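Asker: predicted model follows, preceded by the sequence.
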Amino acid sequence: MGSRASTLLREEEIEEIKKETGFSHSQITRLYSRFTSLDKGENGTLREDQVNFRGFMRTLAHFRPIEDNEKNKNPTASEPLNSRTNKLLFAFHLYDLDRDDKISRDELLQVLRMMVGVNISDEQLGSIADRTIQEADTNGDNSISFNEFIKVLEKVDVEQKMSIRFLH
Amino acid sequence: MDDPQASLEPTKGNSALFKLNYPRIQIPLEITLWMLLASFAKIGFNMYHKITIWVPETCLLITLGLIVGSIMYFANEEPPAVHTNTVFFLYMLPPIVLESGYFIPIRHLFENIGTVVWFALVGTLWNSFGIGISLFAICQIDAFGVHDISLQENLLFASIISAVDPVAMLNLFEDVSVNEQLCIVVLGESIFSDVVTVVLYNMFNFQAKKEVVKATDVLLGIAEFLEVVFGGLIFGIVFGFVAAFTTRFTSKVREIEPLFIFMFSYLAYLIAELFSMSSVTAIVMCAITMKYYVEENVSQRSCTTLRHVIKMLASISETLIFFFLGIATITTEHEWNWGYILFTLLFAFVWRGLGVLVLTLIMNPFRTIPFTFQDQFALAYCGLRGAISFALAFTLPDFIGRKNLFVTTTIALILVTVFIQGITMRPLIGLINIRKTNRNLYTINAEIHCRLMDHTVAGIEDICGQYGHFYWKDKFMRFNDRILRKILIRDRRAESSILALYKKLELQNAMLILDVVSGDISAAPSIISLYEEKKSSSKPNKLLAVEVKKMHDILSKNMYKIRQQAVSFTSKHALPNDSQPREIVIRRHNSIRRSLQSHGFHRAVKTFFFLHVPDVQENMSEVVYPSRTPSPGPAPLSSPLREVPSVHDRGKSGRTRHGMSRTSSSYSDSHVPAPRRHSKSSTSDKNSAGNFREPHHKAEEPEQQQRPLSPPTAWAAEPKDNVTQHPLLRQPQWNPKKM
């Protein structure tokens, strides 16, 4: 598996990905072989043209566990992809489909409906959504902005929640 | 036991009608009575739920044994001599280890295999040698009068008492939701320390005969150790595969399927004993190897039977052992030596604590999630000694001079650890702020967003190819799919994990829909109150805490649960807990909702019937449901039966589910706003037609929220109004392969 993958993925690319995402060499090669094997899977959801490997890695990079030594490295450089803010941004974008930087009530309802079984009626869900917005909304625009989102989740250990151990 | 027959005959004269033949049945009768007594005790304990929270069950068993023992002592009777070497090793030990091996969560075990083996193996060795050597040092002090115990004997003794049995603590850990790394280490440790202990025991037993220990003996010992363990491993794996292979062909002989499993496991045990390999390892490996394949091959009922019987046998074994512990405490002749015993206790604690500390120190850098001090404390403190220690001590060969001392010390240690540590563990765990798996979320926001994040992570983990992916596991899984599955599993399709998962989840989803729930009914009032709040309160900010609580309740009961990476561990005294959905349910709610709204849940339900027939889809259409659908409820029952929503191709059987979950729906926009309650009887007797009842609520009752609700566990023998013997809910009789 290793040799097949690395022939298709050039060294320079690996270096670039490494710099961008912070994964290690072996992790990248392993994920590449996973990527290619997914590509041939029955579901056919992952195509080279739709999600290329760079995008794949970029997404996955959000889920890298935060390491302590990274925080001290260079405070001037832009935040690594797996910082807390970026993880939260990822989650935020899951709600905010139209990318207007706000989670409207409808978007929230959509996501809620997806997460919840068939047993909850629309009214109940609506009131839950209202309550959610109400809790988070500080500037009264009836939607949740990214900062409000961050604030609401300040007590939650997002770093741990949105992390996967990428072992190689 | 006095023999009544001899005394009876002269008195009874030649009354041929009434004879007591006690000696004939003495042994089986006694065993049966003991088992019954212990089982009654278990019933008794579990009646008072409070007790089992605070006091581990082993404590209670020992107490009972103590009571019975004292009765016997005063009645001057001999306890039944079931603790010979043979009986223990050949009859009582195998079920216990088979059960540990069978119910261990394999994936988690292998993910943490390094840690587990490290703690178990090295930890046990550390404990044994540490305690043995320090005790030997104590023995040199003449004051205690134990000068005659040699090093080998000390080591032998130390190896006996280093067998930890922390599984009793798992129950507690689960209750308090301690983080799962700790749980899996505890579980693995108990199994592997058994292995190591038995091996060491045999080894030192052998060595104890010799007078002098030479260097070559030590080397030989190490080599022997390794050989024994690996030999056991190989035997176990071989037998596991043979068993799995056999079950491929057992589709016609379903009734004896479990028999194969038991016989092969036991065979592995015995053959390993034959070759003086580690039989415990053999049976554990056999169970681990074959479980996966067997559970795919055998029928649902055989699977259930298997689990039940394994649990039962293990439970009996262990109960009996603890029982005898209690009895033996009273009735055997003890040799009490303050110094030795106290020092043993001391060293046991000290060495375990040290061991955990040192081992964790070495191990932590290699772990992604290191163990905190609280974890270490919990790990050290939960080192209860258990059944195996006692049994091993009791079966010490008689040439060991100080056997009684050893037995006494072991009993003392077990009693101390079980009672003191067992009972104080719970408050201590609460005090130290141990890392837990669940978090308390205070706001609705946090709950929703966290759940979203969990879903996301679960999805990404799947995409990456599982949590904590190992290279070897990757290889093994491919080997598995390509070769092993084809050979060992009857149903030869090699499935991608996602497809298999999807099927499993759909089945579970269906069964959830069938089950009775409590939650949504109680959520029903909150619709009204939420409504009212909305209408009445001018300021939307004024939602009461009660409302929030209700929302939390609704959410927690209704949000799809994430596939738990933390498997709920099968506790020692209970069957695997299948009642909680363990997987995230893939979003099919759209089609389900459609089905539910227009035709009731039945349409969705019928697709998901848990049958072990590969091509349910085709057969489904042949089903002729008797059209006695006299239900006055909404008329979904008749026609849609023919059309099968395309869920998946085959309704392969998942695990049957007991327990409660949500009702199907309080859907709003269609004509049926009423929640329905469905009672589903125990899945073990699926063949009886009368098992399913369906209390219908009339759809048009808006005030039905005020109905008194029957308790959710109503396997409604007395159906509520409008009961239909709903044919859909009956097990379809056309299934030929169902046993």
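Answerer: Nice, thanks for sending it over.
Asker: which parts of the chain are strands?
Answerer: The chain I'm using is chain A. A:102-103, A:144-145 (DSSP state E).
Asker: you answered for a different chain; I wanted chain B.
Answerer: Under DSSP E, chain B gives strands at B:694-695, B:723-724.
Asker: which of those has the lowest average pLDDT?
Answerer: Mean pLDDT is lowest for strand B:694-695 among the strands of chain B, at a mean of 31.
Asker: residue A:104 versus the residue of chain A most remote from its centre, what's the distance?
Answerer: What lies farthest from the middle of chain A is residue A:123; by Cα atoms, centre = their mean that is 30.0 Å. For residue A:123, the distance to residue A:104 (Cβ to Cβ, to the nearest Å) stands at 18 Å. (Each C-beta comes from the backbone N, C-alpha and C, glycine too.)
Asker: before we move on, what about residue B:406?
Answerer: Counting by Cβ to Cβ, the gap from residue B:406 to residue A:104 is 74 Å.
Asker: who has more neighbours out of these two?
Answerer: It is residue B:406, of residue B:406 and residue A:104, that has more neighbours when counted by other Cβ atoms under 10 Å in any protein chain shown, with 25 against 19.
Asker: isn't that one right up against residue B:158?
Answerer: No - using Cβ atoms under 8 Å, residue B:406 makes no contact with residue B:158, being 10.2 Å away.
Asker: what residues are up against residue B:157?
Answerer: B:132, B:135, B:149, B:393, B:406, B:409, B:410 (Cβ atoms under 8 Å, 6 or more residues apart in numbering or on different chains).
Asker: stretch B:238-258: end-to-end distance?
Answerer: Distance across stretch B:238-258, first residue to last, is 18 Å (Cα to Cα, to the nearest Å).
Asker: what are the buried residues along that stretch?
Answerer: Under the neighbour-count criterion of 16 or more other Cβ atoms under 10 Å in any protein chain shown, stretch B:238-258 has B:238-248, B:250, B:254, B:257-258 buried.
Asker: where does chain A dip in pLDDT?
Answerer: Residues of chain A meeting the criterion pLDDT under 70: A:1-9, A:39-51, A:67-79, A:117-119, A:165-168.
Asker: what about the helices in it?
Answerer: A:2-8, A:11-21, A:25-39, A:53-61, A:68-72, A:84-95, A:105-115, A:122-136, A:146-152, A:158-161 (DSSP state H).
Asker: tabulate the ones you listed (JSON lines), appending distance to residue B:286.
Answerer: Below are the helices of chain A laid out as JSON lines (distance: least, Cβ to Cβ, whole Å):
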{"stretch": "helix A:2-8", "distance to residue B:286": "33"}
{"stretch": "helix A:11-21", "distance to residue B:286": "43"}
{"stretch": "helix A:25-39", "distance to residue B:286": "32"}
{"stretch": "helix A:53-61", "distance to residue B:286": "39"}
{"stretch": "helix A:68-72", "distance to residue B:286": "44"}
{"stretch": "helix A:84-95", "distance to residue B:286": "44"}
{"stretch": "helix A:105-115", "distance to residue B:286": "42"}
{"stretch": "helix A:122-136", "distance to residue B:286": "50"}
{"stretch": "helix A:146-152", "distance to residue B:286": "51"}
{"stretch": "helix A:158-161", "distance to residue B:286": "38"}
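Asker: reformat those as JSON lines; add distance to chain B.
Answerer: Below are the helices of chain A laid out as JSON lines (distance: least, Cβ to the nearest Cβ, whole Å):
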{"stretch": "helix A:2-8", "distance to chain B": "9"}
{"stretch": "helix A:11-21", "distance to chain B": "13"}
{"stretch": "helix A:25-39", "distance to chain B": "5"}
{"stretch": "helix A:53-61", "distance to chain B": "7"}
{"stretch": "helix A:68-72", "distance to chain B": "12"}
{"stretch": "helix A:84-95", "distance to chain B": "6"}
{"stretch": "helix A:105-115", "distance to chain B": "5"}
{"stretch": "helix A:122-136", "distance to chain B": "5"}
{"stretch": "helix A:146-152", "distance to chain B": "4"}
{"stretch": "helix A:158-161", "distance to chain B": "5"}
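Asker: which among the ones you listed is found nearest to residue B:266?
Answerer: helix A:25-39 (40.5 Å; Cβ to Cβ).
Asker: helices or strands up against that closest one?
Answerer: Packed against helix A:25-39, as judged by 3 or more Cβ pairs under 8 Å, 6 or more residues apart in numbering or on different chains; DSSP states H and E, are the following elements: helix A:2-8, helix A:11-21, helix A:53-61, helix B:444-464.
Asker: just give me the neighbour total for residue A:15.
Answerer: Residue A:15 has 12 nearby residues by other Cβ under 10 Å.
Asker: same thing with residue B:424?
Answerer: Residue B:424 sits with 12 neighbouring residues when counted by other Cβ under 10 Å.
Asker: what's the per-residue pLDDT of it here?
Answerer: 84.
Asker: per-domain residue ranges of chain A.
Answerer: A:11-62, A:79-161 (the TED database).
Asker: report the buried members of the contacts of residue B:157.
Answerer: Buried, going by 16+ other Cβ under 10 Å: B:132, B:135, B:149, B:393, B:406, B:409, B:410, out of the contacts of residue B:157.
Asker: can you tell me which residues contact the fifth one?
Answerer: Applying Cβ under 8 Å, 6+ apart, one finds that residue B:406 lies in contact with B:157, B:160, B:393, B:396, B:400.
Asker: 6 Å instead, please
Answerer: B:157, B:393 (Cβ atoms under 6 Å, 6 or more residues apart in numbering or on different chains).
Asker: can you tell me how far it is from residue B:264?
Answerer: Distance from residue B:406 to residue B:264, by Cβ to Cβ: 36 Å.
Asker: ok, now the first one?
Answerer: Residue B:132 sits 37 Å away from residue B:264, going by Cβ to Cβ.
Asker: I figured residue A:57 hits residue A:17, correct?
Answerer: Yes - Residue A:57 lies in contact with residue A:17 (Cβ atoms under 6 Å); the separation is 5.2 Å.
Asker: residue of chain A closest to chain B, please.
Answerer: Chain B sits closest to residue A:121 of chain A, with a gap of 3.9 Å, by Cβ to the nearest Cβ.
Asker: so what's the residue count around that residue?
Answerer: Residue A:121, neighbours per other Cβ under 10 Å, totals 20.
Asker: can you read off the backbone torsions of it?
Answerer: Main-chain dihedrals, residue A:121, degrees, to the nearest 10: phi -80, psi 170.
Asker: quick one: residue B:349 from residue A:92, how far?
Answerer: Taking Cβ to Cβ, one finds residue B:349 at 51 Å from residue A:92.
Asker: my error: substitute residue B:261 in the last question.
Answerer: 51 Å.
Asker: that older thread, which of residue B:349 and residue A:92 has more neighbours?
Answerer: Legend: neighbour count by other Cβ under 10 Å for residue B:349 and residue A:92, higher for residue A:92 (20 against 17).
Asker: show me what contacts the more buried one?
Answerer: So residue A:92 contacts A:146, A:149 (Cβ under 6 Å, 6+ apart).
Asker: I'd say residue B:108 and residue B:184 touch.
Answerer: Yes - the pair residue B:108 / residue B:184 is scored as a contact, 4.9 Å apart, by Cβ under 6 Å.
Asker: picking up where we left off before, let's have the contacts of residue B:157 in JSON lines, adding pLDDT and distance to residue B:425.
Answerer: Below are these laid out as JSON lines (pLDDT from 0 to 100; distance: Cβ to Cβ, whole Å):
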{"residue": "B:132", "pLDDT": "85", "distance to residue B:425": "27"}
{"residue": "B:135", "pLDDT": "84", "distance to residue B:425": "26"}
{"residue": "B:149", "pLDDT": "74", "distance to residue B:425": "32"}
{"residue": "B:393", "pLDDT": "83", "distance to residue B:425": "24"}
{"residue": "B:406", "pLDDT": "84", "distance to residue B:425": "26"}
{"residue": "B:409", "pLDDT": "86", "distance to residue B:425": "22"}
{"residue": "B:410", "pLDDT": "87", "distance to residue B:425": "21"}
